[in-house]
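# Compute the structure for the input listed below.
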Amino acid sequence: MTQTQSAGVFDRDMNATWEKFLRERVNSFIKWDLVRFFRDNPHTADTADNIAGFIGRDTRTVQRELDALVKAEVLAAQRAGDTTIYRLSTDRETRHLVTEFVTLCHNRDFRVKAIQAVIKGMNFSPGQDF
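Have a look, this model is predicted:
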């Protein structure tokens, strides 16, 4: 099982587990919203259109990010005719990481570092992207 840090012992540098999680799995703010949505609603199984409505985001963008989370094995997808249904992965370790991540986000220091990691990973350049 992956070792994580609780919010109370989060130190100056984000540990390798969370750097990797943010670099490879939750590397956008929409994915962050989706992870939080599925953590808060762990038994949800729904379409991209409905999920987009719940989180207040554009359906096409949510669809793209849901598919990326499936590829990253955070979510699972199942076809139902012409529709894809998304749900949180049933993998125990993945669910633990998602729960720990959302819990750590209640700590301001962790949240600031996580935001910085996502922005850095998006390769924004202030002169061009903002």
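
# For the rest of this, base every contact and every neighbour count on C-alpha atoms.
Noted.

# Low-confidence bits of this protein, can you list those?
Along the chain, segments meeting pLDDT under 70 span 1-14, 123-130.

# do you know how far residue 71 is from residue 41?
20 Å (Cα to Cα, to the nearest Å).

# ditto for residue 63
Taken as Cα to Cα, the span from residue 63 to residue 41 is 18 Å.

# and if you look at residue 120?
When residue 120 is compared with residue 41 (using Cα to Cα), they lie 29 Å apart.

# do residue 27 as well
From residue 27 to residue 41 the distance is 21 Å (Cα to Cα).

# These two: which has the busier surroundings?
residue 27 (24 against 12; other Cα atoms under 10 Å).

# in this protein, which spans are strands?
45-46, 75-80, 83-88 (DSSP state E).

# Could you save the ones you listed as a markdown table and add columns showing mean neighbour count and distance to residue 112?
Shown next, in a markdown table, are the strands of the chain (neighbours: other Cα atoms under 10 Å; distance: least, Cα to Cα, whole Å):
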| stretch | mean neighbour count | distance to residue 112 |
| --- | --- | --- |
| strand 45-46 | 16 | 30 |
| strand 75-80 | 16 | 25 |
| strand 83-88 | 18 | 25 |
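
# For residue 116, find the nearest of those.
strand 75-80 (23.9 Å; Cα to Cα).

# Next, the angle strand 83-88 makes with the closest one.
Angle of strand 75-80 versus strand 83-88, following axes from the mean of the first three to the mean of the last three Cα atoms, to 10 degrees, is 150 degrees.
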